[in-house]
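Trainee: got a sequence here, can you model it:
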Amino acid sequence: MKALAAAIAAMALLSGCGGGGGPAQPAGSIKVTMTEFQFNPSDINATSGKVVFYLVNAGSAAHDLVVRDSSGKKIVGSELVSAGDSFVFTIDNLPAGSYKIACDQPGHEDSGMKGTLTIT
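Mentor: Predicted coordinates for the structure are as follows:
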């Protein structure tokens, strides 16, 4: 698990966040638009292994995306994405299974900013 966390941290540093809109969408990534208070799409399917998300904050508040296992334990989370910005969030070696996604900011998940991630 420590190796996974280290790989995720390294990818987060390499992908950057940058102001003024952020990076362009990488080929093969899954675009997730974040607004108050939802993910679009909220139900995401991907294949096991490396999963790349292109997070676009089209809302007026900062948002993030965290992935939790079926028991609710946080596995990994993105950086906080400012309003109007985007961020490339990569997860390496995500095994097959069903996961919960949510915005980890106070009150956002309870307001409906959640969904599912199914890895096959």
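Trainee: look up how far residue 47 lies from the residue nearest the centre of the chain.
Mentor: Central residue of the chain (CA atoms, centre = their mean): residue 65, 3.7 Å from the mean position. Using CB to CB, to the nearest Å, residue 65 is found at 18 Å from residue 47. C-betas here are computed from N, CA, C, even on glycine.
Trainee: burial of residue 58, as a residue count?
Mentor: Per other CB atoms under 10 Å, the neighbour tally for residue 58 reads 14.
Trainee: hang on, it packs against residue 33?
Mentor: Yes - with contact defined as CB atoms under 8 Å, residue 58 reaches residue 33; the gap is 5.2 Å.
Trainee: now stretch 66-73: buried residues?
Mentor: By 16 or more other CB atoms under 10 Å, the buried positions in stretch 66-73 come out as 66, 67, 68.
Trainee: after the one helix or strand the second one maps to, next one along is what?
Mentor: Element membership for residue 67, per DSSP states H and E: strand 66-68. Where DSSP H and E defines the elements, the next helix or strand beyond strand 66-68 is strand 74-77.
Trainee: residue boundaries of the helices in the chain?
Mentor: 2-15 (DSSP state H).
Trainee: how about low-confidence regions in it?
Mentor: 1-21 (pLDDT under 70).
Trainee: hmm, try it at 90
Mentor: Within the chain, the segments meeting pLDDT under 90 span 1-23.
Trainee: quick one: the strands in it?
Mentor: 30-35, 38-40, 43-46, 49-57, 66-68, 74-77, 86-94, 97-102, 114-119 (DSSP state E).
Trainee: got TSV for those, with distance to residue 108 too?
Mentor: Output for those, formatted as TSV (distance: least, CB to CB, whole Å):
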stretch	distance to residue 108
strand 30-35	9
strand 38-40	10
strand 43-46	17
strand 49-57	12
strand 66-68	10
strand 74-77	13
strand 86-94	16
strand 97-102	7
strand 114-119	9
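Trainee: nearest to residue 22, of those strands?
Mentor: strand 86-94 (3.5 Å; CB to CB).
Trainee: returning to that earlier point: packing partners of the strand holding residue 67?
Mentor: Helices and strands touching strand 66-68, by 3 or more CB pairs under 8 Å, 6 or more residues apart in numbering; DSSP states H and E, are strand 74-77, strand 97-102.
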